[in-house]
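**Q** can't give you the sequence, but here's the structure:
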């Protein structure tokens, strides 16, 4: 189980960075390993289950990347509907370009309201995953952080 | 059946054998399950349409659609977003028989690659707890990938030999329900090539009934009193089906329960090759590929007395 301070860190990160309110994670435990936080549904579990050796519990929520936290693709897809900021709307063509080239330029007007760092990528169907936004004097660039298999599938398609 | 290669030539119990033989040369339609954990049926249908897939409903299975046209579903955006799971409609039958409720604690003893696990989670509206177990580390990768893709937060993954899954120290069962979708010879998937040779035949000489018997007994022992177990395979072989259920009934106080599946099904068969089974195996359900136009399946629903 994550400590209260780790749980607070995850909830405040999601709230401040993406506007995902803590209530969106209500009814879940946050679990911690050395590099990853997991989201697990709260349930009344028989005591005997505590002795099981668990390979994975629930969904990976956030990964520790250096000093930063990065939302996982599956958490972005699940919680993206609650996000009110830190979201980049992209078109299908742009997604293919991002997957194929590993990055996608963003014009200055599209950077309005966005901070550097991890952002969610939203298509008309919903949030598909995460990208890293880098901003310089010319504009911005999205660096692809989609899983390899997903990138390959998008390019194939 | 005489024209078929073994073991199918021995399966005189298959109804309407001519249709069955004919079906062995035809592909099954593609079906998908709409993941209502991530959207409404309507939204997901719309997403499929936008991505070039035309679908039609499946009577009795509101979460399933038959894909009538469109290609490359495994690379499509609805797939990558976890909105759909490509799954045979008969593969939904074990979950339908188990009828999971919200808040229950359920064990999927042979879970990889996760089609039934994620369907259980969906049927429970992502509440309670699903313990998804598999004994093969390589298959856990597919299992965890599918759990993540489908957005199931009520699932934990374990890595035990199913027949050795730990019993609780107090000897009482842990689970409200257990699904034993056992490894099998996969005869329900068989097809014939143009030269009459069997396709999709599982190689090897593993004694599958011995493994299956170990799994069903352990699954039953893990149930709490009053709990229910579903034993299923995708094979037609009675030695892996009725024979395994019969084995359990001889060793434990289980009861085969009746249930009405939403697809055409036949009763379990009473005897095969000199083995006469407990009469209660007639309550098991057999789904024949030519009658459902999907993978053949066997499903037994077994109750543990209070």
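**A** Yep, it's here. Just so it is clear, the structure is predicted and the values come from calculations on it, not from any experiment. Numbering: from 1, shown residues only, chains lettered A, B, ... in the order given.
**Q** In terms of secondary structure, what does the longest strand seen in chain A contact?
**A** Secondary structure assigned by DSSP state E gives strand A:126-136 as the longest strand of chain A. With contacts defined as 3 or more C-beta pairs under 8 Å, 6 or more residues apart in numbering or on different chains; DSSP states H and E, strand A:126-136 has these neighbours: helix A:73-79, strand A:87-89, strand A:117-123, strand A:139-144. For every residue, glycine as well, the C-beta is placed using N, CA and C.
**Q** Up against chain A, what does the stretch 1-150 of chain B have?
**A** Near chain A, the residues belonging to the stretch 1-150 of chain B are B:38-39, B:47, B:50, B:72, B:74-83, B:103, B:105, B:126-129, B:131, B:140, B:144, B:147-149 when assessed by C-beta under 8 Å from any C-beta of the partner chain.
**Q** Who is residue A:144 paired with across the strands?
**A** Beta-bridge partners for residue A:144, by DSSP bridges, are residue A:131.
**Q** if I pick residue A:106, what's in contact with it?
**A** With contact set as C-beta atoms under 8 Å, 6 or more residues apart in numbering or on different chains, residue A:106 has these partners: A:88, A:133, A:139, A:140, A:141, A:142.
**Q** roughly how far apart are it and chain B?
**A** In this view, residue A:106 and chain B are 21 Å apart by C-beta to the nearest C-beta, to the nearest Å.
**Q** What of residue A:124?
**A** 8 Å.
**Q** How about the contacts made by that residue?
**A** By C-beta under 8 Å, 6+ apart, the residues touching residue A:124 are residue B:50.
**Q** where's it relative to residue B:77, distance?
**A** 10 Å (C-beta to C-beta, to the nearest Å).
**Q** ok, back up a step: scan the contacts of residue A:106 and report the most crowded one.
**A** For these, the largest neighbour count, defined by other C-beta atoms under 10 Å in any protein chain shown, is 23 neighbours, found at residue A:142.
**Q** Quick check: that one touching residue A:101?
**A** No: using C-beta atoms under 8 Å, residue A:142 is not in contact with residue A:101, being 10.3 Å away.
**Q** Give me the neighbour count for the residue in the stretch 151-300 of chain B positioned nearest to chain A.
**A** The nearest approach of the stretch 151-300 of chain B to chain A comes at residue B:168, 3.1 Å away (C-beta to the nearest C-beta). By other C-beta under 10 Å, 19 other residues sit near residue B:168.
**Q** ok so residue B:231 is a strand residue?
**A** Yes: if the criterion is DSSP: H, G, I helix; E, B strand; the rest coil, then residue B:231 is within a strand.
**Q** before we move on, the earlier item: show me which pair in the contacts of residue A:106 is furthest apart.
**A** A:88 and A:139 (12.9 Å; C-beta to C-beta).
**Q** which SS class is the closest residue to residue B:59 other than its chain neighbours?
**A** Distance criterion C-beta to C-beta, 6 or more residues apart in numbering or on different chains; nearest residue to residue B:59, sequence neighbours excluded, is residue B:262 at 7.5 Å. Assigned with three-state DSSP, residue B:262 falls in the coil class.
**Q** Could you count how many residues lie near residue B:262?
**A** When neighbours are defined as other C-beta under 10 Å, residue B:262 has 15 of them.
**Q** so who does it touch?
**A** Residue B:262 makes contact with B:59, B:60, B:61, B:96 under the criterion C-beta under 8 Å, 6+ apart.
**Q** so the longest helix seen in chain A versus strand A:117-123, what angle?
**A** Ranked by residue count, the top helix of chain A under DSSP state H comes out as helix A:4-18. Relative orientation of helix A:4-18 and strand A:117-123, computed by axes from the mean of the first three to the mean of the last three C-alpha atoms, to 10 degrees: 60 degrees.
**Q** The helix or strand following helix A:4-18 to helix A:4-18, inter-axis angle?
**A** Later in the chain than helix A:4-18, the nearest helix or strand by DSSP states H and E is strand A:28-32. On the basis of the same axes, to 10 degrees, strand A:28-32 is oriented at 110 degrees to helix A:4-18.
**Q** tell me the mean pLDDT for strand A:28-32?
**A** Per-residue pLDDT over strand A:28-32 has a mean of 96.
**Q** Listing partners with orientation, what would you give for that strand?
**A** Strand A:28-32 has these strand partners (DSSP bridges): strand A:36-41 (antiparallel).
**Q** From the residues of the stretch 1-150 of chain B next to chain A, which land in strands?
**A** B:105, B:129, B:131.
**Q** per the record, what domains does chain A have?
**A** Taking automatic domain parsing as the criterion, chain A consists of the domains A:4-72, A:87-156.
**Q** In chain A, which residue sits nearest chain B?
**A** As assessed by C-beta to the nearest C-beta, chain B sits closest to residue A:48 within chain A, at 3.1 Å.
**Q** how many neighbours does that residue have?
**A** For residue A:48, using other C-beta under 10 Å, the count is 18.
**Q** For the nearest residue to it once chain neighbours are set aside, list the residues it contacts.
**A** Leaving aside its chain neighbours, residue A:48 sits nearest to residue B:168 (3.1 Å; criterion: C-beta to C-beta, 6+ apart). Neighbouring residues of residue B:168 by C-beta under 8 Å, 6+ apart: A:46, A:47, A:48, A:51, B:174.
**Q** mind checking the SS state of the residue sitting furthest away from the middle of chain A?
**A** Most distant from the centre of chain A: residue A:48, at 33.3 Å, with distances by C-alpha atoms, centre = their mean. Taken by three-state DSSP, the conformation at residue A:48 corresponds to helix.
**Q** how much space between residue B:298 and residue A:1?
**A** 41 Å.
**Q** between these two, which one's more packed in?
**A** Set residue B:298 next to residue A:1 and count neighbours by other C-beta under 10 Å: residue B:298 wins out with 30 against 10.
**Q** quick one: that one is in a strand?
**A** Yes: counting by three-state DSSP, residue B:298 is part of a strand.
**Q** Setting aside sequence neighbours, what's the nearest residue to it?
**A** In space, and not counting its chain neighbours, residue B:298 is closest to residue B:241: 4.2 Å by C-beta to C-beta, 6+ apart.
**Q** just residue B:62 next, same as before
**A** Residue nearest to residue B:62 in three dimensions, not counting chain neighbours: residue B:41, with 7.1 Å by C-beta to C-beta, 6+ apart.
**Q** same thing with residue B:296?
**A** residue B:188 (2.7 Å).
**Q** Need the three-state assignment for that neighbour.
**A** helix.
**Q** just checking, it touches residue B:237?
**A** No: between residue B:188 and residue B:237 there is no contact under C-beta under 8 Å: 9.5 Å.
**Q** Tell me which of the two has more neighbours.
**A** Between residue B:188 and residue B:237, counted using other C-beta under 10 Å, the more crowded position is residue B:188 (25 against 22).
**Q** which one is the residue most central in space within chain A nearest to, not counting chain neighbours?
**A** Nearest to the geometric centre of chain A sits residue A:71, at 2.7 Å (C-alpha atoms, centre = their mean). Nearest in space to residue A:71, with sequence neighbours left out and distances taken as C-beta to C-beta, 6+ apart, is residue A:130 at 5.4 Å.
**Q** ok, now residue A:79?
**A** Nearest non-adjacent residue to residue A:79 (C-beta to C-beta, 6+ apart): residue A:20, at 5.3 Å.
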